[in-house]
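J.: give the three-dimensional model of this entry:
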Amino acid sequence: MRWNRRLLLGGWAAALVIAAAPAPSDPPEPQPIVPGAKVLTLWPKGSPMLKEMPGSDKPEVVYLSKGAEPRVLHIDNIHNPSIEPHLAPADKANGSAVIVVAGGGNKTLWVGPEGVDVANWLNGLGVHAFIERHRLQPYDSTVDALADTQRSIRMVRAHAAEWGVDPRRVGIMGFSAGGEQAAWVTLKFDKGDPKAEDPVERESCRPDFSVLIYPGWKRMDLDVVAKDTPPAFITSAGVDDAFHARQSVEFFTALFNAKIPAEIHIYGHGGHGGSIDPRKGIPFGTWPARFVEWAKDLKLMDVKK
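T.: This is a model prediction of the structure:
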């Protein structure tokens, strides 16, 4: 292993480069975000979905926090996309599952605060969580990353029996640029290909529910919303995060006009980011409680029969 030092948010964080770099045609295997966790790559080796791009022969770069017990903050240089399962305790698990997609402006993924922290919270609610690592720039968020997100949902359904997941209650929760992924897959999904040789591709990539947390995107066609679009929960701060608030409202309006059940919370202030932090007690810090209320109202987190 070799260590680099890089400037991060006004301080310093260690960048840990994991594993030796194999040939460009064989992207390095991603390592777990949480030590001991299992990582499943989304595409098999040799898949035409994997491309040779600048840096694809190099391992992921993992940025760690400072302190006696460093933890993963964010990751970039992702060329071999994956999901990391974090299953709820057996005595709490209710069968619901959520693909967790961190933000990072499509340039990095903040899989610590918007991945691990969220997975731990969901596990406490009895919900299985799957932290997604999709491809970033220069890959296209509307093509390559979206394909990764669709594949993540298929993968969870393909392993539903193994993981104790109800395949009818597989949702997605995206933060910021991760909210873009949640928005796209809410609108662009299919039922799977029953004739596919790959059993994962036989599964539907339609999320059963979508959660968009301070989402943002450069472009999105909201003119066509299918009748079977899944219900959505959307939240953002208001005037001090106007860009994301505006897009949240536009997405909600498109679903509302199509008569898709959707709930939106735009708070007076709170800025961008913050994941599930309580934000020192301001109203925006209560959105996780509002999400739980919404999910229970739609019977998305009831105990599986």
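J.: C-alpha from now on. contacts and neighbour counts both.
T.: Fine.
J.: so residue 146 lies in a strand, does it not?
T.: No - Residue 146 is assigned helix when assessed by DSSP: H, G, I helix; E, B strand; the rest coil, not a strand.
J.: which helix or which strand is home to the closest residue to it other than its chain neighbours?
T.: Excluding its sequence neighbours, the residue lying closest to residue 146 (Cα to Cα, 6 or more residues apart in numbering) is residue 181, at 6.2 Å. Using DSSP states H and E, residue 181 sits in helix 177-187.
J.: then residue 49?
T.: With DSSP H and E as criterion, residue 49 is part of no helix or strand.
J.: right, and it touches residue 42 too?
T.: No - assessed by Cα atoms under 8 Å, residue 49 is found out of contact with residue 42, at 9.9 Å.
J.: the more surrounded of these two?
T.: Neighbour count, other Cα atoms under 10 Å: between residue 49 and residue 42, residue 42 has more, with 25 against 13.
J.: what is in contact with residue 49 and residue 42 at once?
T.: Common contacts of residue 49 and residue 42 (Cα atoms under 8 Å, 6 or more residues apart in numbering): none found.
J.: re earlier: from what I see, the residue nearest to residue 146 and residue 147 are in contact.
T.: No - if you go by Cα under 8 Å, residue 181 and residue 147 don't touch, sitting 9.6 Å apart.
J.: comparing the two, which shows the higher neighbour count?
T.: The neighbour count for residue 181 versus residue 147, taken as other Cα under 10 Å, is higher for residue 181 (30 against 19).
J.: next up, the contacts around the more buried one.
T.: Going by Cα under 8 Å, 6+ apart, residue 181 touches 101, 141-142, 145-146, 149, 174.
J.: mind checking the pLDDT average for stretch 244-260?
T.: Averaged across stretch 244-260, the pLDDT comes to 97.
J.: any figure for the gap between the spatially most central residue of the chain and residue 271?
T.: Nearest to the geometric centre of the chain sits residue 101, at 1.3 Å (Cα atoms, centre = their mean). Noted for residue 101: a distance of 19 Å to residue 271, by Cα to Cα, to the nearest Å.
J.: what do you get for residue 165?
T.: According to Cα to Cα, residue 165 and residue 271 sit 35 Å apart.
J.: which one's more surrounded, those two?
T.: residue 165 (24 against 17).
J.: phi, psi for the more buried one please.
T.: Dihedral angles phi and psi of residue 165 (degrees, to the nearest 10) take the values phi -100, psi 140.
J.: with adjacent residues omitted, what lies nearest to it?
T.: residue 95 (4.6 Å).
J.: residues contacting the one you found?
T.: Contact analysis of residue 95 by Cα under 8 Å, 6+ apart lists 126-128, 164-166, 169, 301, 303-304.
J.: my read: residue 144 touches residue 135, true?
T.: Yes - counting by Cα under 8 Å, residue 144 touches residue 135, with 6.7 Å between them.
J.: between the two, point out the one with more neighbours.
T.: residue 135 (28 against 20).
J.: surely the more buried one touches residue 143?
T.: No - with contact defined as Cα under 8 Å, residue 135 and residue 143 do not form a contacting pair (9.9 Å).
J.: quick one: the strands in the chain, in order.
T.: Here the chain has its strands, by DSSP state E, at 2-8, 11-17, 40-41, 61-64, 72-76, 82-86, 97-101, 128-133, 170-175, 209-213, 232-237, 262-267.
J.: just name the most buried of the ones you listed.
T.: strand 97-101 (a mean of 31; mean count of other Cα atoms under 10 Å).
J.: strands paired with that one, and their directions?
T.: Sheet pairing of strand 97-101 (DSSP bridges) gives strand 128-133 (parallel), strand 170-175 (parallel).
J.: turn those into TSV, including mean pLDDT and distance to residue 59.
T.: Output for the strands paired with strand 97-101, formatted as TSV (pLDDT from 0 to 100; distance: least, Cα to Cα, whole Å):
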stretch	mean pLDDT	distance to residue 59
strand 128-133	98	13
strand 170-175	98	24
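J.: nearest to residue 84, of the ones you listed?
T.: Residue 84 lies closest, by Cα to Cα, to one member of the strands paired with strand 97-101: strand 128-133, at 5.0 Å.
J.: ok, now which ones touch residue 200?
T.: Applying Cα under 8 Å, 6+ apart, we find residue 200 in contact with 151, 154-155, 157-158.
J.: go again with 6 Å.
T.: Neighbouring residues of residue 200 by Cα atoms under 6 Å, 6 or more residues apart in numbering: 154-155, 158.
J.: neighbour-wise, which of these leads?
T.: residue 154 (26 neighbours).
J.: what about that one, distance to residue 167?
T.: 10 Å.
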